[in-house]
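Undergrad: I'd like to go over a predicted model; first the sequence, then the structure.
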Amino acid sequence: MLSTTNSAQTGTRAPALDARAGTITTLNGLDNKKVLIVGSARGGKTCLVNRLVAGEYATDASGATAYQQTLGAELSVKFFIESENRLSLSIWCLGGHPRYHSTNSQFFTDDTAVVLVTVDLLNSKSLDEAKLLFQKAKIACPTALIYLVGTKSDVVDKVVFPIGELAKAAQEAGAVAYKTTSAKAGTGIRDLFDEICTKLRDM
C-alpha cells in the first residue's frame, strides 16, 4: 500500500512517488532525500512518522494507542523550510510483518540517504530483528546515514533494555548514533530529524 501525506508546513500535496523516490532530486524546489524507517511489527514506526509529519498521535475511543498496521510500504513527504537546512524528505515506512520482508527489499537501494532502524523499547525481541535490518541496510545502502532509534520511551516502567545496552549495540553496529523517541509524548523525533537534516546538508 502506498500513501502520500500532505505537508503541514507548506499546505501543498506531496506528488505521487514510487519506490525509486530517492532518484527524484528536487520537490517543490527543495533538495529531496530518501529515508527508510524499518523495524519489527507493532514497533511504533507509523506513529513516529505521523508525529513528525502531521504532529498527531492516534488514539481510540478509550484513549489507548490506535494500532495502524503498515500494509507493505507507506510514503510520507516532509518539507523542512524554516531553517538553513531546507530539505524535502521522502519517508518510506516499511511494514514489519514477516510477509512484507521480501517485497520490502526493493526499497533498500543505494540512493537511500537515511535509514532509521527502530527498536521497540517494550519488546526484547525487537533488537534481534533490528540487528538483521541494520546489516541489510549497511550492505544495500552503503552511503546512507543509519541510526538505531528506540521507540515508546515514555513508558519508562516497561522498558526492557538495561541502560546503555542499545547505545552499545549502535556503536558496535557502526550506527551514526542511538536516539530515543516517543511519538505519544512527542519527544526526540524533531530533534532527530533536525540532526539528520544538518548532516545531510554537510555531506
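TA: Perfect, I can see it now. Residues are numbered from 1 along each chain as shown.

Undergrad: run through the bridge partners of the spatially most central residue of the chain.
TA: Nearest to the geometric centre of the chain sits residue 37, at 3.2 Å (CA atoms, centre = their mean). Note on residue 37: beta-bridge partners by DSSP bridges are residue 93, residue 116.

Undergrad: roughly how far does it sit from residue 25?
TA: Distance of residue 37 to residue 25, computed by CB to CB, to the nearest Å: 21 Å. No exception for glycine: its C-beta is placed from N, CA and C like everyone else's.

Undergrad: now do residue 74
TA: From residue 74 to residue 25 the distance is 22 Å (CB to CB).

Undergrad: cool, and residue 130?
TA: Taken as CB to CB, the span from residue 130 to residue 25 is 30 Å.

Undergrad: compare neighbour counts for those two and give me the winner.
TA: Neighbour totals were compared for residue 130 and residue 25, and residue 130 leads with 25 against 11 (other CB atoms under 10 Å).

Undergrad: surely the more buried one meets residue 45?
TA: No. Using CB atoms under 8 Å, residue 130 is not in contact with residue 45; the gap is 11.6 Å.

Undergrad: can you list residues touching both of these two?
TA: Listed as contacting both residue 130 and residue 45 by CB atoms under 8 Å, 6 or more residues apart in numbering are 39, 118.

Undergrad: so which helix or strand of this structure has the lowest pLDDT on average?
TA: Sorted by mean pLDDT, DSSP states H and E, the helices and strands of the chain end with strand 26-27, the least confident at a mean of 76.

Undergrad: and that one, how far out from the chain middle?
TA: Mean-position distance between strand 26-27 and its chain equals 20 Å (CA atoms, centre = their mean, to the nearest Å).
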